[in-house]
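>>> next comes the sequence, and after it the predicted model I'd like to discuss.
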Amino acid sequence: MERRFVVQLHRARQRHYDLRFEIDGALVSWAVPRGPTLDPGARRSAYRVDDHPMEYVDFEGVIPGKQYGAGDVIVWDAGTWEPHGTDDPAAAVAAGELHAEVHGQKLRGRLVLVRRSGASRDGGGKDVWLLVHKRDEHAVEGWDPDDHPRSVLSGRTSDEVKADPELHWHSDLPAARAAVRVRPAIPPGPDGDELAALDAIRSDGTWDVFGRSLRLTNLDKALFPPRDRRRKPVSKRDLVRYAARVAPVVLPYLAGRALNLHRFPNGAEGKGFWHKQLPQHAPDWLPRWDNPDADRGETTYLVVDEAAALVWAANFGALEWHAWTSRTDDPHRPTYALVDLDPGTTTSWDDVLVLARLHRTAFEHLGVRAQPKVTGRRGIQIWVPVARGPSFDETRAWVERLSRTVGAVVPELVSWKWERNERGGRARLDWTQNAINKTLVAPYSPRAAPGAPVSVPLEWGELDDPALRPDGFTLGTVLDRVAERGDPFRTVLATDQRLPRIS
């Protein structure tokens, strides 16, 4: 039987780590003030606390004031574990000694919990234990949990979760309902009447949405072929509807940035082309930017500063949305550094996941905030928010150093050749997109492929989900996911991060 364990960093009256093991359908728990460690020379005091329900295993958010344990909580580590030396871990705990083999994202190897000898409780009435890490292959001298502050679930810090929690835990409610969402997962989009009005348009017509009157055409044209004969094609009406509903979610990633449109007027099976110049027939209200450095024919770009502009782009045949990584007010200073895991012809999805997890480890080691997303095709991209200051040359050089460090760990998976036909089928860790007017597909953008796959942001922990696929999210399923899980990419919007030196 596979058992789960979790370590939650909990800032209540006193900051501490809660170490919890699944035993007999509950989370048997210890509070560890200084946190668990991989250092075999460290001795940690641990205090046995009440068992918690299994529903608490992936809780991350805030416990409101006047509730037991009021404060903020992140999932600092999570994984599976096996008891060592016993088939009855509950009896081992009762006897005062538990050996646990843990398989987490931060903690690995053998942890041992031993009740302190003599009286089982200290003068304050606490059940006092000792926590150590065995000197095994996973041990690391001097390893400090405070050097690894981010959640393995969301990539956020305790401060970030406290400032913008998605969930509150109410201990006075049944465990199945105790985690309460505190803010809408999707900002308001078109209401039911507006969506019904879209459905009522036959093929061409005007749709009033987001305070604009949009002229729509050829709404029943098939734009995305189905993946198999059991399904229907995805129509232009479907794309326009999706663009309107997702616009409030994707708008923060597009606003203030020039947009390169990948247009497929005849659908994903037809020939696509890049469209950068806003056409002369575009409505006057569309936000735009005149680029003084652009080539002729590419001077005026669409800027999606309002939701209706994205709906216009969808009607214009833009199946993919690619925003610049710099803003129009300072186009030579990027606000993101980009990591593109570009699979080769022989690169398996498992290989891509290995590369992504190695980057996860590297970012954690560097203390860098970053967020992954599937491309909707075969790969994974990682966006790193940066404070404006470095040039594109500097962010490109930083990503190259990072990628070469990661690639050196698995040289059999990576090629550094520029030409695809010279890579021997291996993956490329592409840092060259860190340049002005070079883009990666925006989060929540569709891709021009059968089934209308979408490039969807991930929580870091999803890289360990065996069901994850790079093109598994589609135009028809993404909004339900966002409604249920929120938007993990919000972490990249805080562009106050400075890139550390990579030695």
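Nice, I can see it.

>>> where do the helices sit along this protein?
Counting by DSSP state H, the chain forms helices over residues 89-95, 158-163, 192-200, 236-254, 307-315, 349-366, 392-407, 478-485, given from the N-terminal end onward.

>>> highest average neighbour count across those helices?
Among the helices of the chain, helix 307-315 has the highest mean neighbour count (mean count of other CB atoms under 10 Å), at a mean of 25. Yep, even glycine has a C-beta here, placed from its N, CA and C like the rest.

>>> would you turn the helices of the chain into JSON lines with mean pLDDT?
Written out in JSON lines, the entries for the helices of the chain read as follows (pLDDT from 0 to 100):
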{"stretch": "helix 89-95", "mean pLDDT": "97"}
{"stretch": "helix 158-163", "mean pLDDT": "90"}
{"stretch": "helix 192-200", "mean pLDDT": "97"}
{"stretch": "helix 236-254", "mean pLDDT": "96"}
{"stretch": "helix 307-315", "mean pLDDT": "97"}
{"stretch": "helix 349-366", "mean pLDDT": "94"}
{"stretch": "helix 392-407", "mean pLDDT": "96"}
{"stretch": "helix 478-485", "mean pLDDT": "86"}
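
>>> tally of neighbours for the residue nearest to residue 17 when sequence neighbours are not counted?
If the residues on either side of it in the chain are set aside, residue 17 comes closest to residue 35, at 4.1 Å by CB to CB, 6 or more residues apart in numbering. Residues near residue 35, counting by other CB atoms under 10 Å, number 22.

>>> same deal with residue 33?
12.

>>> how far away is it from residue 150?
Taking CB to CB, to the nearest Å as the measure, residue 33 falls 20 Å from residue 150.

>>> now do residue 162
From residue 162 over to residue 150 the distance is 14 Å, taken as CB to CB.

>>> again, but for residue 131
On the measure of CB to CB, residue 131 and residue 150 end up 22 Å apart.

>>> just give me how far stretch 473-489 sits from the chain centre.
Using CA atoms, centre = their mean, to the nearest Å, the distance from the centre of stretch 473-489 to the centre of the chain it belongs to is 12 Å.

>>> from one end of that stretch to the other, what's the distance?
Using CA to CA, to the nearest Å, the end-to-end distance of stretch 473-489 comes out at 16 Å.

>>> which secondary element of the chain has the worst mean pLDDT?
Ranked by mean pLDDT, DSSP states H and E, the weakest helix or strand in the chain is strand 179-181, scoring a mean of 79.

>>> closest to residue 56 out of the helices of the chain?
Closest approach to residue 56 among these is made by helix 158-163 (15.3 Å; CB to CB).

>>> so how far does stretch 341-357 reach from one end to the other?
This stretch, stretch 341-357, spans 11 Å end to end (CA to CA).

>>> again, but for stretch 262-275
Separation of the first and last residues of stretch 262-275 by CA to CA is 6 Å.

>>> if you count neighbours, what's buried in it?
Within stretch 262-275, the residues that count as buried by 16 or more other CB atoms under 10 Å are 262, 263, 264, 265, 267, 268, 272, 275.

>>> for residue 410, state which of those is nearest.
Closest to residue 410, out of all of the buried residues of stretch 262-275 and judged by CB to CB, is residue 262, at 31.2 Å.

>>> state the pLDDT value of the residue nearest to the closest one when sequence neighbours are not counted.
By the measure of CB to CB, 6+ apart, the closest residue to residue 262 outside its immediate chain neighbours is residue 320, 3.7 Å from it. Among the per-residue scores, residue 320 holds a pLDDT of 97.

>>> residue 320 reaches residue 439, doesn't it?
No. Distance between residue 320 and residue 439: 9.9 Å, which falls outside the contact criterion (CB atoms under 8 Å).

>>> neighbour count: these two, which is higher?
Neighbours around residue 320 and residue 439, counted as other CB under 10 Å, are more numerous at residue 320. The numbers are 23 against 20.

>>> which ones are touching the more buried one?
Listed by CB atoms under 8 Å, 6 or more residues apart in numbering, the contact partners of residue 320 are 261, 262, 441, 445, 446, 447, 448.

>>> then residue 155?
Taking CB under 8 Å, 6+ apart as the definition of contact, the neighbours of residue 155 are 369, 370, 371, 459, 460, 488, 491.

>>> pick out the lowest-pLDDT one from these.
The model is least sure about residue 491 among those, giving it 77.

>>> count the neighbours of it for me.
Neighbours of residue 491 (other CB under 10 Å): 22.

>>> over to residue 55?
Residue crowding around residue 55 was assessed by other CB under 10 Å; the count is 15.

>>> let me see the contact set for it.
Listed by CB under 8 Å, 6+ apart, the contact set of residue 55 reads 175, 176, 178, 179.

>>> over to residue 308?
Counting by CB under 8 Å, 6+ apart, residue 308 makes contact with 209, 210, 211, 212, 214, 247, 285.

>>> and if we set it to 10 Å?
In this structure, residue 308 makes contact with 207-214, 243-244, 247, 283, 285-287, judged by CB atoms under 10 Å, 6 or more residues apart in numbering.

>>> pull out the buried members of these.
Looking at the contacts of residue 308 with 16+ other CB under 10 Å, the buried ones turn out to be 207, 209, 210, 212, 214, 243, 244, 247, 286, 287.

>>> any chance of these in TSV, with distance to residue 394 too?
What follows is the buried ones among the contacts of residue 308, written out as TSV (distance: CB to CB, whole Å):
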residue	distance to residue 394
207	44
209	41
210	38
212	40
214	41
243	35
244	38
247	33
286	33
287	29
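
>>> quick one: which of those residues is nearest to residue 193?
Of all these, the one with the least separation from residue 193 (CB to CB) is residue 209, at 10.4 Å.

>>> the closest one against residue 307, yeah?
Yes. In this structure, residue 209 is within contact of residue 307 by CB atoms under 10 Å, at 8.1 Å.

>>> shared neighbours, the two?
Shared contacts of residue 209 and residue 307, defined by CB under 10 Å, 6+ apart, are found at 189, 190, 244, 247.

>>> contacting residues for the nearest residue to residue 250 once chain neighbours are set aside?
Across the structure, with CB to CB, 6+ apart as the measure, the residue nearest residue 250 apart from its sequence neighbours is residue 444 (4.5 Å). Contacts of residue 444 were listed using CB under 10 Å, 6+ apart, and they are 242-243, 246-247, 249-251, 253-254, 321, 373, 376, 454-457, 473, 475, 478-479, 482, 487, 489.

>>> circling back to that earlier point, and the two most separated of the contacts of residue 320?
Maximum pairwise distance among the contacts of residue 320 (CB to CB): 13.7 Å, between 261 and 447.

>>> if we can go back for a sec, which residues touch the least confident helix or strand of the chain?
With CB under 10 Å, 6+ apart as the criterion, strand 179-181 contacts 55-56, 58-61, 64, 165-170, 173, 483-484, 486.

>>> which of the contacts of residue 55 are buried?
In terms of neighbour count (16+ other CB under 10 Å), the buried residues within the contacts of residue 55 are 178, 179.

>>> for the contacts of residue 55, give me TSV that also has distance to residue 199.
What follows is those, written out as TSV (distance: CB to CB, whole Å):
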residue	distance to residue 199
175	41
176	36
178	39
179	35
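
>>> closest to residue 419 out of the contacts of residue 55?
Sorting the contacts of residue 55 by distance to residue 419 puts residue 179 at the head of the list, at 50.4 Å, by CB to CB.

>>> re the thing from before, so how far is residue 214 from the residue nearest to residue 250?
In this view, residue 444 and residue 214 are 20 Å apart by CB to CB.

>>> so where's the chain uncertain?
Regions of the chain meeting the criterion pLDDT under 70 cover residues 1, 117-125, 183-187.

>>> show me what the strand ranked longest in it is packed up against.
Ranked by number of residues, the top strand in the chain under DSSP state E is strand 71-83. When contacts are defined as 3 or more CB pairs under 10 Å, 6 or more residues apart in numbering; DSSP states H and E, strand 71-83 sits against strand 3-11, strand 15-23, strand 61-63, helix 89-95, strand 97-104, strand 108-115, helix 158-163.
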